[in-house]
Structures are given as C-alpha cells and as structure tokens.
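Colleague: next input, structure requested:
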Amino acid sequence: MILNETSYFGKGAIEAIVPEFKNRGFKKAAVITSDDLVELGLAGKVTTLLDAAGIDYELFGKIVPNPTVKNVKDGVEFVKNCKADCIITVGGGSPMDTAKAIAIIITNPEFEDVLSLEGVADTKKPCLPIFAVPTTSGTAAEVTINYVITDEDKNRKFVCVDPHDIPIVAFVDSDMMAKMPASLAAATGMDAMTHAIEGYITKGAWEMTDMMHIKAIEIVGRSLRDSVKGCEKCREDMALAQYIAGMGFSNVGLGLVHAMAHPLSAWYDTPHGVACASLLPTVMKFNKDFTGEKYRDIARVLGVANWDTLSLEDVRNEACLAVDKLSKDVGIPATISELGVKMEDIPKIAQDAFNDVCAPGNPREATLEEIIELYKSLM
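Modeller: Predicted structure coming up:
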C-alpha cells in the first residue's frame, strides 16, 4: 500500500501547514492553484498563514480545468525560476494533478516533454515535496499516485501512474470545501462514488482495499444528497469518504467508467466528475454479471431493502438503481448528449476509451464495439 506520509483531517487542518513546513526545513514554497480559487479567497486562506509565519513563497495561479501539457511546462519554468524547494497545491484535481507533473519533472528532468510520463513512467527520484490542500470532495488526488494531463495536440487525456508523485502531506480541511456550489459538490461527490465502486470491483481489488471502498460507498450514499444542499457535517463526511476511496483505488486501479470519461473531458472539456457520474450507472449494469456478490454489498450499504434475501440478479439490479437514483437526485445529466457529445464522434472517442490505461482493470473486458454501444445508449 502506498499512502501519504502524513495527513490532517477536519476543520482547521490547514493550520498544520506552517509547522509541517518549518519542521521539514523547507525554505521557499511554490503555491500552485487556479485563478478562480484565488478570486474565491480559498488560496488566500493558505497564503495568509504563510504570510503570518514569514514563509517565503510565490504563487502560480494559471492552472486550467483539464490541465494541458503546456500548463505543466509553464509551471515547471515557474518553479525553476522561483527556486522553490517544495510545492503547496490548493484546489481540486486539476491543480493537484498539475502540481504532481511539475514536481516529478523538477527532480526527473529527462521527462520534461511531459508526454513521456504517460502510463507507468520509470522515474528514478521522488518528486519535489508536495503539500496538498483539496478544495473539492471527489478526486482524492492528495492521496493517490495517479494524475491526468490533456495532450491538446492530439485531443486526448493520458493517465500517469507513479509512486514517486504522491504528496508527502495532505491537509483535508472541510472549511476549504464549504464554498463549493451545489453542482460541483454533486459532480465531485459522484466522482468519489465512482472511485469507490470501480475500485471495489476492479480486477486488482483485494481485502484491504475492499474495506476502504465499501466504507467510502456507504459514506457517500448517506452524505452526498445533503452535502449538495450545503450541510456542513455532510461536507466534512464527503471529504473523508473521497480520501478513503483514494487510499483504495490508487493501489488497485479503476475501470471502464474512467476509461470512457477521460475522452469526454478531452474532447468536450467536460468536468471529470460530471463525465464519470453520467457514465457510472450504465457501466455498472454492463459489469454486473462479472462482480460476484459485490453488488449485494453495495446494495446493503446503500440501504436497499431486503438486500440479503433478494436473488443475485435482483440485488445487482437494485444496486444499479440505487446509484442511478443518487446520481439523478443530485442533478447529474442523464445523457451524454447534454455534455455536448456528438453521435459522429463516438467511434473516435470509443477508440480513445478502449486504449485508456484504466480499461484493463474493468471486471468485464469490453470490446471496441461494446464501448461504442455503451456511448450510444447514453445519447
């Protein structure tokens, strides 16, 4: 199992940034975030702490949703020029993924083209130390060894998996997530559910990750609806759930939902959580006959009545329906045409999904033709 060295949870967790920075002997930080988070004042919650402690830092706020190769290269130049000896990244998956790529290249400059990081890169050195401060409850990038970058030249997303990129400290502070609009809370929350369910049924799943994933499914199932409505306690619960899911899937992989979601983000700039959530119920149905008794477990923690006496076929269907209802209740689009997907693009995006690094982890092997039909069924 590969996890953070240290993680802090709960309200005020970011206050541990200063003592962690000083105790580790760092001299200067590069704060990697987005302009939106600067405008919202979330990045300022961190920089205010640094200012009060007299910590030297420079801020790079140019991270875009679905970060690109150019975004990473610009960030590498920024960190080199400011001579930072650590990175503090504030944001959702986009800033954290970009920070990972930047930090890896700083210590492994032979990968400065960025593209060569795709898949399992043979990096030799741990990345520049990263402190990760999530502002959404979904990606779990603060605890995973994965990150995703967009190759704008080829209009595709590629996944990088590297044990050297994991942040050394995570600060999972629910106060940093309190300003999420309902739509973002829904999308990132369903991303966490996707991580938990795909991690639970992936080919690499085993007992230790199973206990993480089933608990994450339970917490998301009971907390997401009210989190979307702004419930403070439920947002704190979702922050924990997405982290637990990340602990698991980072070590065993994902499946076809993520493989099919990545092209939607690359082609149409669809937010990753929305793409996953729109696909999840349909792909669950596609996989159901290849999951043993695991859908019964999912049904149990999602509160399906008579989960223990229903036939295997019926309980699998009920588990899919429970996830579908949750997705609809929090306002996730029911069709991918609502995300801008065009019927004529489906053969090409299906090919990208078929080639995606997440696809082999799916419990049911999918042919290209089956992926095409799955996309079409969601139009």
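Colleague: in the stretch 1-150 of the chain, which spans are helices?
Modeller: If DSSP state H, counting those that start in this stretch is used as the criterion, the helices of the stretch 1-150 of the chain fall at 17-23, 35-39, 42-52, 69-82, 93-107.
Colleague: for the closest residue to Thr6 other than its chain neighbours, give its distance to Ala322.
Modeller: Nearest residue to Thr6 in three dimensions, chain neighbours excluded: Val169, at 4.7 Å (CB to CB, 6 or more residues apart in numbering). Glycine gets a C-beta too; all of them are placed from N, C-alpha and C. Using CB to CB, to the nearest Å, Val169 is found at 36 Å from Ala322.
Colleague: and if you look at Glu39?
Modeller: With distances taken as CB to CB, Glu39 is found 38 Å from Ala322.
Colleague: so those two - more neighbours on which side?
Modeller: Neighbours per residue (other CB atoms under 10 Å) separate Glu39 from Ala322, with Ala322 holding more: 21 against 11.
Colleague: the more buried one against Ala299, yeah?
Modeller: Yes: in terms of CB atoms under 8 Å, Ala322 counts as a neighbour of Ala299; the distance is 6.5 Å.
Colleague: avg pLDDT for stretch 167-175?
Modeller: pLDDT averaged over stretch 167-175 equals 96, rounded to a whole number.
Colleague: and that stretch, how far from the chain's centre?
Modeller: Between the centre of stretch 167-175 and the centre of its host chain there is 14 Å, according to CA atoms, centre = their mean, to the nearest Å.
Colleague: could you dump it to PDB, C-alpha only?
Modeller: Written as PDB, here are the backbone C-alpha positions of stretch 167-175 (Å, rounded to 0.1, in the frame of the first residue of the first chain):
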ATOM      1  CA  PRO A 167       2.100  14.300  -1.900                       C
ATOM      2  CA  ILE A 168       4.100  14.000   1.400                       C
ATOM      3  CA  VAL A 169       1.400  15.700   3.400                       C
ATOM      4  CA  ALA A 170      -2.300  16.200   2.800                       C
ATOM      5  CA  PHE A 171      -4.500  18.700   4.600                       C
ATOM      6  CA  VAL A 172      -8.100  17.600   4.200                       C
ATOM      7  CA  ASP A 173      -9.900  20.600   5.700                       C
ATOM      8  CA  SER A 174     -13.700  20.700   5.200                       C
ATOM      9  CA  ASP A 175     -13.600  24.500   5.600                       C
END
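Colleague: buried residues of that stretch, list them for me.
Modeller: Residues of stretch 167-175 classed as buried: 167-175 (neighbour count, 16 or more other CB atoms under 10 Å).
Colleague: try stretch 205-221
Modeller: Within stretch 205-221, the residues that count as buried by 16+ other CB under 10 Å are 205, 209-210, 212-221.
Colleague: tell me how far the residue nearest the centre of the chain lies from Ile219.
Modeller: The residue at the geometric middle of the chain, judged as the C-alpha nearest the mean C-alpha position with CA atoms, centre = their mean, is Thr139 (2.3 Å). Distance from Thr139 to Ile219, counting by CB to CB: 16 Å.
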